[in-house]
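Give the three-dimensional model of this entry:
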Amino acid sequence: MTRFMFIIAAAALAGCGIETASTAATAAALKKQEVEQAKKTLEQTQQKIGQAMEQVQQSQESREAAEK
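Numbers count the residues shown, from 1 in each chain. Just a heads-up that it's a prediction; the model follows:
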């Protein structure tokens, strides 16, 4: 009887381990998506900053040319 109880307890614990591993894998996949989205956002922001800097430089050059 104790052996039977041990087998049931081991099976129950194994089920918890599988669920925990599945939850961890799902969390890791979500975190990966978050990181990828953050990288895309960073790239877009860097592009916008670059464009804004170019516009400022062009405006400055236009003002300098108008002053001459």
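
Quick check: which element contains the most centrally placed residue in the chain?
Note on the chain: the residue nearest the mean C-alpha position is V35, at 1.6 Å, using Cα atoms, centre = their mean. For V35, the host element (DSSP states H and E) is helix 2-67.

counting contacts, what elements does that helix pack onto?
Packing partners of helix 2-67 (3 or more Cβ pairs under 8 Å, 6 or more residues apart in numbering; DSSP states H and E): none among the helices and strands. Every residue, glycine included, has its C-beta placed from N, CA and C.

How far away from the center of its chain is that helix?
Distance, stretch centre to chain centre, for helix 2-67: 0 Å (Cα atoms, centre = their mean, to the nearest Å).

now swap in stretch 60-68 and tell me
For stretch 60-68, the distance to the chain centre is 44 Å (Cα atoms, centre = their mean).

pLDDT averaged over that stretch, what's the number?
For stretch 60-68, mean pLDDT rounds to 85.

could I have that stretch exported to PDB, CA atoms only?
Extracted in PDB, the C-alpha atoms of stretch 60-68 (Å, rounded to 0.1, in the frame of the first residue of the first chain):
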ATOM      1  CA  GLN A  60      20.700  75.800 -39.900                       C
ATOM      2  CA  GLU A  61      22.400  75.600 -43.300                       C
ATOM      3  CA  SER A  62      19.500  77.500 -44.900                       C
ATOM      4  CA  ARG A  63      19.700  80.300 -42.300                       C
ATOM      5  CA  GLU A  64      23.400  80.600 -42.800                       C
ATOM      6  CA  ALA A  65      23.000  80.700 -46.600                       C
ATOM      7  CA  ALA A  66      20.300  83.400 -46.200                       C
ATOM      8  CA  GLU A  67      22.500  85.500 -44.000                       C
ATOM      9  CA  LYS A  68      25.300  85.600 -46.700                       C
END
